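*Asks:* my questions are about this predicted structure, shown below with the sequence.
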Amino acid sequence: EMQNAADAGALAGARELCQGNRAQAEAVATQYTLQNGAQEPVKVELCDSQGEAVGAANASLVRVQASSLAETTLLRLFSVESYPVRATASAGCTVSSSACGLWPIAFPKAVWDSTACGTSLYVWDDDKVSYDCEEWQCQVVGEHGGSRVIGPGNRGWLDMRNAFDPGYPGTCPKGGGASLIKALIEDDCAGRISLPACIPGETGVKASVDKHVDARAGDHVVIPLFDSVGCNGGDFHIVGFRCAEVVAYHKKLTIRVWDPHSGDWDVQKNTKAIEVKVSCDNCVARCSTLTGEIASPGGDVIAIGLTK
C-alpha cells in the first residue's frame, strides 16, 4: 500500500511539471501521496534527470518518500504496538523520444517551431501546384487569424509499413496503402516510432483521406517533424514530435499566392487542404520513452512514467 501511495504522488507531481504548474508539483505530489494512504510527513524532492535535487524550473523528476505506521499482531506480546512502513518512488515528465499513433504527415521542424501555438496550418493537398509557401506568400482567402499554408513540397506523406519498432506489439495493419492510412489517421493505431528515424515518403497527395480527417475533428494528434530529406537515399529524417488539434478537411478553399519575383498574385480556387492547429497544450504519448529533456509549457509530446 505504501508503494502505491508513493507511486501515485510521484506521478501526480511529474504531471504538474509538464503542465507548466511547476510551483505546484511538490504540493500536488504530497496531496496525492496522503490521499493514497500515507501519513505525514511526506518528503518530496524535485530532481534533474540525474536524480540531483534542483529547483522547480530545472526539474524533470519528482521523488517521493512515503511512510505510515502499521499495527502489529504477535509483536504486541512484546509491547510493540506498531512499526514504520516506508516506500520511495520517482517519476519523470519529459519530452518523449518515442510515440504511437503518429499521423503519417511529416512537417518541417523549422516551420513548426516558428509557428505560434493556436495558429492554423493548412496542408495544401494538391500535386498540381508547386508553390513554395516558405518563399512565396500563400494566403487562405477569408482567413484572418494569422494562419499558415504548407505547400505540397514542404511536407510529406510517410510510408510507415517498415518504420515501426520491431520489438513493440503494435495494432497497425501489416500492409500499406489505404488500410494503413485509415488506421493511422482515423483509428489511431499503435505502431511505435523511436527518434531519430528515417522514414520513406512522398510529397504528393493522398486520395480519399477527407472522411478519415473529418472523423478526428477536435482531437489532438501527434505530428512527426523532419529536419532534412535524404537519409537512406531519400527518406525523411524524423527528429521530433509535436501536438496538433485536427480542425477539418477543406475541399473548396481559395488560396492567393504572391510571386516575390514578379510581384503578381495568383489565385487558386477549389483547393483541398487539411487544417490543423498548433497545440498550446502538451499531449501524453502512448508507448512513450522518458528522456532528460524538459518539456516546454505547450505543444510538446511528453512521457510520464515511474523511473524507480
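*Replies:* On my side now, so go ahead.

*Asks:* can you confirm Glu134 is in a strand?
*Replies:* No: the assignment for Glu134 by DSSP: H, G, I helix; E, B strand; the rest coil gives coil, which leaves it out of any strand.

*Asks:* now for the nearest residue to it once chain neighbours are set aside: which residues touch it?
*Replies:* Nearest-residue entry for Glu134: Asn154, 6.2 Å, with adjacent residues in sequence omitted and distances by C-beta to C-beta, 6 or more residues apart in numbering. Bear in mind the C-beta positions are built from the backbone N, C-alpha and C, glycine included. Remark: with contacts taken as C-beta atoms under 8 Å, 6 or more residues apart in numbering, Asn154 is in contact with 107-108, 111, 132-134, 203.

*Asks:* ok, now Ala110?
*Replies:* Contacts here follow C-beta under 8 Å, 6+ apart; on that basis Ala110 touches Asp227.

*Asks:* helices of the stretch 151-300 of the chain, residue ranges please.
*Replies:* In the stretch 151-300 of the chain, the segments counted as helices under DSSP state H, counting those that start in this stretch are 177-185, 210-214.

*Asks:* tell me which other helices or strands the last one touches.
*Replies:* Right, the one you point to is helix 210-214. For helix 210-214, the packing partners by 3 or more C-beta pairs under 8 Å, 6 or more residues apart in numbering; DSSP states H and E come out as helix 177-185, strand 235-258.

*Asks:* mind putting the helices of the stretch 151-300 of the chain into JSON lines with mean neighbour count?
*Replies:* Putting the helices of the stretch 151-300 of the chain into JSON lines (neighbours: other C-beta atoms under 10 Å) gives the following:
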{"stretch": "helix 177-185", "mean neighbour count": "18"}
{"stretch": "helix 210-214", "mean neighbour count": "16"}
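
*Asks:* A strand includes Ala8, no?
*Replies:* No: with three-state DSSP as the criterion, Ala8 is helix rather than part of a strand.

*Asks:* for Ser179, see how far away it is.
*Replies:* Distance from Ala8 to Ser179, counting by C-beta to C-beta, to the nearest Å: 40 Å.

*Asks:* tell me the pLDDT of the residue nearest to Glu134.
*Replies:* Asn154 is assigned a pLDDT of 74 by the prediction.

*Asks:* and for Arg76?
*Replies:* For Arg76, the model assigns a pLDDT of 53.

*Asks:* please verify my assumption that Leu11 contacts Ser90.
*Replies:* No: at 10.0 Å, Leu11 does not count as touching Ser90 under the criterion of C-beta atoms under 8 Å.

*Asks:* now Ile304: how far from Arg15?
*Replies:* Where Arg15 is concerned, Ile304 sits at a distance of 6 Å (C-beta to C-beta).

*Asks:* now for the two: what residues contact both?
*Replies:* By C-beta under 8 Å, 6+ apart, the residues touching both Ile304 and Arg15 are Cys93.

*Asks:* which stretches of this protein have low pLDDT?
*Replies:* Using pLDDT under 70 as the threshold, the predicted model of the chain has low-confidence ranges 70-83, 127, 144-145, 153, 203-207.

*Asks:* and for Asp300, nearest residue in space, chain neighbours not counted?
*Replies:* Nearest to Asp300 is Asn282, by C-beta to C-beta, 6+ apart, at 4.9 Å.

*Asks:* distance of the one you found relative to Gly299?
*Replies:* Distance of Asn282 to Gly299, given as C-beta to C-beta: 7 Å.

*Asks:* what do these two both touch?
*Replies:* Common neighbours of Asn282 and Gly299 (C-beta under 8 Å, 6+ apart) are Cys243.

*Asks:* right, and Leu69 touches Glu40 too?
*Replies:* No: between Leu69 and Glu40 there is no contact under C-beta under 8 Å: 11.2 Å.

*Asks:* number of nearby residues for Ala190?
*Replies:* 17 (other C-beta atoms under 10 Å).
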